[in-house]
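[1] using only what follows, build the 3D model:
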Amino acid sequence: MNAPSNYDTITYEADGHTATITLNRPEALNALSPHMVTELRAAYDEAEGDDDIWLMIVTGTGRAFCSGADVKQIPEDGKVIYERPYLSTYDQWEAPQEGTPPFRRMAKPVLAAVNGICCGAGLDWVTTGDIVIASDRATFFDPHVSIGLVAAREMVRLARALPRSVALRMALMGKHERMSAERAYELGMITEVVEHDRLLERAHQIADIVNSNAPLAVRGTRLAIHKTLDLPLLEGEILAETFRERVLRTDDAHEGPLAFVEKRTPNWQCR
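    Coordinates of the predicted model:
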């Protein structure tokens, strides 16, 4: 395992081809402060820019995965909270992303391992993560309307992942109703419920399985799905084929069939 990078509100550890980013403000239920948002963006960039990293795991410490934005640090003037001057960056002109991985522009997959309370902006990892698993102690809800705020980006995303009536119920009930991990699994919001003490172990098992596949093919497949979700089927198929054609020109695309014929484990070079 490589030496962890130095952050204040998160931890970052690289182990083999996997980077684990852990939200580490347990005393605040891992609520997103402006500084944590800045550090998360740096950690995502660090993992995306490291050729040795093929997949990111995101999880939390304590009894919460993420309880959303830190309401104690919301400014009175209502301006979006960033550590940069207001509206000085392009990101501030977009829909606020807070802790969301930059899933629209990144290539490497994200595995979210939800260890506990997951609400508000914490739901962004559920709706944008590529693989989402959860502890049997995890709960999901959106408290926005209960504190006088519109449930916006988070629930718009969730309404595309859940049946409309379920998403609306969660949005309008606010903090007064919580969804269990089992119910989230039944609805397809997460893909696996894991015994709490085995959550990170299982996350790394899944990461190892994904990383045993050709990394460029994994990224091309991920992008083919993400980039075509809002397209008509035919246009989506054509765009997906362009990703396939790009990967066909790589050394790994030659190595895979060769290893199959020679009945050996492929030696992926990520090139």
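[2] now do the helices in the chain.
    Along the chain, counting by DSSP state H, helices occupy 34-49, 123-128, 153-158, 164-173, 181-186, 199-211, 215-226, 233-248, 251-261.
[3] need those in CSV with distance to residue 58, can you?
    All C-beta atoms are positioned from the backbone trio N, CA, C, and that covers glycine. Formatted as CSV, these follow (distance: least, CB to CB, whole Å):
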stretch, distance to residue 58
helix 34-49, 9
helix 123-128, 6
helix 153-158, 16
helix 164-173, 21
helix 181-186, 17
helix 199-211, 9
helix 215-226, 15
helix 233-248, 24
helix 251-261, 26
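[4] pretty sure residue 244 contacts residue 220?
    Yes. Look at residue 244 against residue 220 with CB atoms under 8 Å: they come within range, at 6.8 Å.
[5] higher neighbour count, these two?
    Each of residue 244 and residue 220 has its neighbours counted (other CB atoms under 10 Å); residue 220 has more, 22 against 13.
[6] tell me the domain ranges of the chain?
    Per the record, the chain has its domains at 10-212, 215-262, by the TED database.
[7] the shortest one: end-to-end distance?
    Taking CA to CA, to the nearest Å, domain 215-262 runs 20 Å from one end to the other.
[8] repeat that for stretch 142-160.
    So stretch 142-160: terminal residues 15 Å apart, CA to CA.
[9] what average pLDDT does it get?
    Confidence for stretch 142-160, expressed as mean pLDDT, is 95.
[10] before we move on, what about stretch 121-132?
    Average pLDDT, stretch 121-132: 97.
[11] contact partners for residue 173?
    residue 141 (CB atoms under 8 Å, 6 or more residues apart in numbering).
[12] chain neighbours aside, what residue packs nearest to residue 174?
    Using CB to CB, 6 or more residues apart in numbering and skipping residues adjacent in sequence, the residue nearest residue 174 is residue 146, 3.5 Å away.
[13] wait, doesn't that neighbour sit right on residue 175?
    Yes. With contact defined as CB under 8 Å, residue 146 counts as touching residue 175 (4.1 Å).
[14] could you point out where the stretch 1-150 of the chain is predicted with low confidence?
    Along the stretch 1-150 of the chain, segments meeting pLDDT under 70 span 1-4, 74-82.
[15] re the thing from before, just give me the neighbour total for the residue nearest to residue 174.
    Using other CB under 10 Å, residue 146 has 13 neighbouring residues.
[16] got it, and residue 35?
    When neighbours are counted by other CB under 10 Å, residue 35 registers 17.
[17] what's the closest non-adjacent residue to it?
    That would be residue 9: by CB to CB, 6+ apart, it lies 5.8 Å from residue 35.
[18] wait, what's in contact with that neighbour?
    Residue 9 makes contacts with 23-25, 33, 35-36, 39, as judged by CB under 8 Å, 6+ apart.
[19] recalculate using a threshold of 6 Å.
    25, 35-36, 39 (CB atoms under 6 Å, 6 or more residues apart in numbering).
[20] what of residue 126?
    Going by CB under 6 Å, 6+ apart, residue 126 touches residue 132.
[21] how near is residue 183 to residue 83?
    Relative to residue 83, residue 183 is positioned 37 Å away (CB to CB, to the nearest Å).
[22] these two - which one has more neighbours?
    Between residue 183 and residue 83, counting by other CB under 10 Å, residue 183 is the more crowded of the two (15 against 10).
[23] was I right to think residue 73 contacts residue 33?
    Yes. In this structure, residue 73 is within contact of residue 33 by CB atoms under 6 Å, at 5.4 Å.
[24] give me the more crowded residue out of those two.
    residue 33 (19 against 14).
[25] for the more buried one, which non-adjacent residue is closest in space?
    In space, and not counting its chain neighbours, residue 33 is closest to residue 70: 4.7 Å by CB to CB, 6+ apart.
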